[in-house]
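S.K.: Return a 3D structure for these sequence lines:
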Amino acid sequence: DNFVFMDMQTFETTELNAEVIGDNDIWMKEGVEVGILMFGDKVLDIDIPLTMTLEVKQTDPGVKGNTAQGGDKPATLETGAEIKVPLFITTGELIKVDTVNKKYLSRAKE
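M.R.: Here you go, the predicted structure:
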C-alpha cells in the first residue's frame, strides 16, 4: 500500500510506501495533518498528531452490571486501529484517542 501526502503550502505531493509509514499506518486518515521528517530526499519519520478524534466502527454492546469497577472492551476504529474502550462506548460514537499509547481518552465533543 502507498500513502500520498500533500505539502499544504506548495501543494507538492509525496508518495510513501507502508514500510516507511511503519506502525503509524493505523492512524492514517484522509485530511489528517502529519509532519514528515526528511533528510535530503529521504524520509526518516512520520509525525502523527498526539491525539485524534475517530469514529468507533465496531464494538460489542456493554452489558449493564457486568462489572463493579467499570471495565473495558475491544473496539475497532475507522482507521482500523484496535483499542480498549469503556463499556459505555457504542458503535458510531466519536472518541478521542491517544495515538502514542493507543488508548481511549474521552468521548469527543462534536
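S.K.: can you give me phi and psi for the residue found closest to Ile26 once you drop the neighbours it is linked to in the chain?
M.R.: Sequence neighbours aside, Ala81 is the residue nearest to Ile26 in space, at 4.0 Å (criterion: Cβ to Cβ, 6 or more residues apart in numbering). Quick note: C-beta positions are derived from backbone N, CA and C, even for glycine. For Ala81, the backbone dihedrals (degrees, to the nearest 10) come out as phi -70, psi 140.
S.K.: tell me the phi and psi of Trp27?
M.R.: The phi/psi pair for Trp27 (degrees, to the nearest 10) is phi -110, psi 0.
S.K.: quick one, what contacts it?
M.R.: Applying Cβ atoms under 8 Å, 6 or more residues apart in numbering to Trp27 gives the contacts Ile48, Pro49, Met52, Thr79, Ala81, Thr99.
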